[in-house]
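[1] got a sequence here, can you build the structure:
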Amino acid sequence: MQWETSSPIVGDFSWNGPFGYSFLMKKDVARRLADSVFEVDTAPIEYIKPERKRNVVGYPYAGPELVWAKDIPVVELDLEASDVSETRSCLSCGDIRYTLCETEIVTRECDWSNHHIFRIATNGPAIPFVTERGRSVIEGCSFTNIHFREAGEIV
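    Prediction:
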(Lines give C-alpha, C1' and ligand atoms only; values in the text may rest on other atoms or scores of the structure.)
Protein backbone atom coordinates (compact mmCIF):
# COMPACT_ATOMS: atom_id res chain seq x y z
CA MET A 1 0.00 0.00 0.00
CA GLN A 2 1.39 3.36 -1.04
CA TRP A 3 -0.66 6.47 -0.45
CA GLU A 4 -1.00 8.70 -3.47
CA THR A 5 -1.37 12.44 -3.38
CA SER A 6 -4.88 13.24 -2.24
CA SER A 7 -5.82 13.71 1.37
CA PRO A 8 -3.75 13.10 4.48
CA ILE A 9 -6.90 11.87 6.24
CA VAL A 10 -7.79 8.16 6.35
CA GLY A 11 -11.53 7.41 6.44
CA ASP A 12 -13.17 4.20 7.62
CA PHE A 13 -12.93 3.03 3.99
CA SER A 14 -10.17 3.91 1.51
CA TRP A 15 -10.38 3.26 -2.23
CA ASN A 16 -7.70 2.47 -4.79
CA GLY A 17 -8.01 5.45 -7.05
CA PRO A 18 -10.77 7.40 -8.73
CA PHE A 19 -12.94 4.37 -9.56
CA GLY A 20 -12.46 2.59 -6.23
CA TYR A 21 -12.86 -1.06 -7.24
CA SER A 22 -10.60 -2.38 -4.49
CA PHE A 23 -10.76 -1.05 -1.00
CA LEU A 24 -9.32 -1.23 2.44
CA MET A 25 -10.92 -0.44 5.74
CA LYS A 26 -10.03 0.06 9.34
CA LYS A 27 -9.79 -3.30 11.11
CA ASP A 28 -12.40 -2.12 13.61
CA VAL A 29 -14.81 -1.51 10.71
CA ALA A 30 -14.33 -5.12 9.50
CA ARG A 31 -15.01 -6.34 13.06
CA ARG A 32 -18.15 -4.23 13.38
CA LEU A 33 -19.43 -5.48 10.01
CA ALA A 34 -18.82 -9.08 11.04
CA ASP A 35 -20.71 -8.47 14.30
CA SER A 36 -23.66 -6.98 12.40
CA VAL A 37 -24.73 -8.71 9.21
CA PHE A 38 -21.86 -9.80 7.04
CA GLU A 39 -18.22 -10.65 7.19
CA VAL A 40 -15.66 -9.48 4.69
CA ASP A 41 -12.51 -11.56 4.29
CA THR A 42 -9.48 -9.38 4.89
CA ALA A 43 -5.74 -9.44 4.35
CA PRO A 44 -2.94 -7.51 6.04
CA ILE A 45 -1.40 -4.47 4.39
CA GLU A 46 2.25 -3.78 3.73
CA TYR A 47 2.98 -0.07 3.75
CA ILE A 48 5.44 1.35 1.24
CA LYS A 49 7.21 4.66 1.62
CA PRO A 50 5.57 7.20 -0.70
CA GLU A 51 7.59 8.73 -3.51
CA ARG A 52 6.02 12.12 -2.85
CA LYS A 53 5.52 13.60 0.56
CA ARG A 54 3.07 16.37 -0.25
CA ASN A 55 -0.55 15.93 0.83
CA VAL A 56 -0.36 12.21 1.59
CA VAL A 57 -0.96 10.07 4.65
CA GLY A 58 2.19 10.11 6.79
CA TYR A 59 4.82 7.40 6.55
CA PRO A 60 5.37 5.38 8.54
CA TYR A 61 1.63 5.08 8.97
CA ALA A 62 0.71 5.44 12.65
CA GLY A 63 -3.10 5.34 12.51
CA PRO A 64 -5.61 2.58 13.21
CA GLU A 65 -4.79 -0.84 11.73
CA LEU A 66 -6.04 -1.19 8.14
CA VAL A 67 -6.94 -4.34 6.17
CA TRP A 68 -7.68 -5.09 2.50
CA ALA A 69 -11.11 -6.46 1.64
CA LYS A 70 -10.50 -9.65 -0.33
CA ASP A 71 -12.30 -12.66 -1.79
CA ILE A 72 -15.60 -10.83 -2.17
CA PRO A 73 -18.22 -13.38 -3.36
CA VAL A 74 -19.21 -13.28 -7.03
CA VAL A 75 -22.83 -13.36 -8.20
CA GLU A 76 -24.02 -14.19 -11.71
CA LEU A 77 -25.87 -11.48 -13.59
CA ASP A 78 -29.22 -12.20 -15.26
CA LEU A 79 -27.96 -11.24 -18.72
CA GLU A 80 -31.38 -11.07 -20.35
CA ALA A 81 -32.95 -8.85 -17.67
CA SER A 82 -29.92 -6.57 -17.13
CA ASP A 83 -28.70 -3.66 -19.21
CA VAL A 84 -25.61 -5.33 -20.73
CA SER A 85 -24.45 -6.18 -24.20
CA GLU A 86 -21.73 -8.45 -25.52
CA THR A 87 -18.55 -6.57 -26.41
CA ARG A 88 -16.32 -9.44 -27.48
CA SER A 89 -16.32 -13.22 -27.77
CA CYS A 90 -13.67 -15.82 -28.58
CA LEU A 91 -14.72 -18.81 -30.67
CA SER A 92 -11.60 -20.76 -29.62
CA CYS A 93 -11.90 -20.57 -25.83
CA GLY A 94 -15.57 -19.55 -25.46
CA ASP A 95 -14.75 -16.43 -23.42
CA ILE A 96 -17.45 -13.76 -23.70
CA ARG A 97 -17.00 -10.17 -22.50
CA TYR A 98 -19.85 -7.82 -21.67
CA THR A 99 -20.21 -4.13 -21.03
CA LEU A 100 -19.49 -3.07 -17.46
CA CYS A 101 -22.75 -3.16 -15.57
CA GLU A 102 -23.22 -0.53 -12.85
CA THR A 103 -26.94 0.18 -13.12
CA GLU A 104 -30.10 -1.76 -13.99
CA ILE A 105 -28.45 -4.88 -12.56
CA VAL A 106 -30.69 -7.89 -12.09
CA THR A 107 -29.56 -11.03 -10.29
CA ARG A 108 -31.78 -13.99 -9.54
CA GLU A 109 -32.24 -14.98 -5.92
CA CYS A 110 -31.38 -18.59 -6.85
CA ASP A 111 -27.93 -17.37 -8.09
CA TRP A 112 -27.32 -15.10 -5.10
CA SER A 113 -25.06 -16.45 -2.38
CA ASN A 114 -26.86 -14.60 0.44
CA HIS A 115 -23.83 -12.35 1.05
CA HIS A 116 -24.44 -8.69 1.72
CA ILE A 117 -21.36 -7.59 -0.22
CA PHE A 118 -20.62 -9.08 -3.64
CA ARG A 119 -19.28 -8.52 -7.14
CA ILE A 120 -20.97 -9.25 -10.48
CA ALA A 121 -19.27 -12.06 -12.48
CA THR A 122 -19.45 -10.30 -15.86
CA ASN A 123 -17.75 -7.20 -14.37
CA GLY A 124 -14.63 -9.15 -13.41
CA PRO A 125 -12.93 -7.82 -10.28
CA ALA A 126 -14.59 -4.43 -10.64
CA ILE A 127 -17.12 -2.67 -8.43
CA PRO A 128 -18.24 -4.10 -5.11
CA PHE A 129 -22.00 -3.99 -4.46
CA VAL A 130 -23.97 -4.28 -1.23
CA THR A 131 -27.54 -5.32 -0.57
CA GLU A 132 -30.09 -2.95 0.98
CA ARG A 133 -29.51 -4.68 4.32
CA GLY A 134 -25.74 -4.20 3.96
CA ARG A 135 -26.21 -0.53 3.08
CA SER A 136 -28.50 -0.07 6.07
CA VAL A 137 -25.91 -1.55 8.44
CA ILE A 138 -23.03 0.52 7.03
CA GLU A 139 -25.04 3.74 7.10
CA GLY A 140 -26.29 2.94 10.60
CA CYS A 141 -22.70 2.71 11.82
CA SER A 142 -21.95 6.19 10.37
CA PHE A 143 -18.78 4.97 8.66
CA THR A 144 -16.85 7.58 6.68
CA ASN A 145 -15.67 7.72 3.06
CA ILE A 146 -18.37 5.50 1.56
CA HIS A 147 -21.33 6.40 -0.66
CA PHE A 148 -24.19 4.34 -2.08
CA ARG A 149 -26.44 4.57 -5.10
CA GLU A 150 -29.09 2.19 -6.33
CA ALA A 151 -27.77 -0.23 -8.93
CA GLY A 152 -30.38 -2.92 -9.41
CA GLU A 153 -32.34 -5.70 -7.78
CA ILE A 154 -32.34 -9.33 -6.71
CA VAL A 155 -35.45 -11.04 -8.09
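[2] the helices in the protein, which residues?
    27-36, 132-140 (DSSP state H).
[3] quick check: which of the ones you listed is nearest to residue 105?
    helix 132-140 (13.2 Å; CB to CB). For glycine as for every other residue, the C-beta is placed from the backbone atoms N, C-alpha and C.
[4] what residue is smack in the middle of this structure?
    residue 128 (3.2 Å; CA atoms, centre = their mean).
[5] wait, that one sits on residue 119?
    Yes. Contact status for residue 128 versus residue 119: in contact at 5.9 Å, counting by CB atoms under 8 Å.
[6] which neighbours do these two have in common?
    Here residue 128 and residue 119 have residue 72 as joint contacts, going by CB atoms under 8 Å, 6 or more residues apart in numbering.
[7] mean neighbour count, distance to residue 96 and mean pLDDT for the helices of the chain - can I get that in JSON lines?
    Output for these, formatted as JSON lines (neighbours: other CB atoms under 10 Å; distance: least, CB to CB, whole Å; pLDDT from 0 to 100):
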{"stretch": "helix 27-36", "mean neighbour count": "16", "distance to residue 96": "34", "mean pLDDT": "90"}
{"stretch": "helix 132-140", "mean neighbour count": "15", "distance to residue 96": "29", "mean pLDDT": "90"}
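[8] how about the ones you listed in CSV, adding distance to residue 155?
    Listed next are the helices of the chain as CSV, based on distance: least, CB to CB, whole Å:
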stretch, distance to residue 155
helix 27-36, 25
helix 132-140, 14
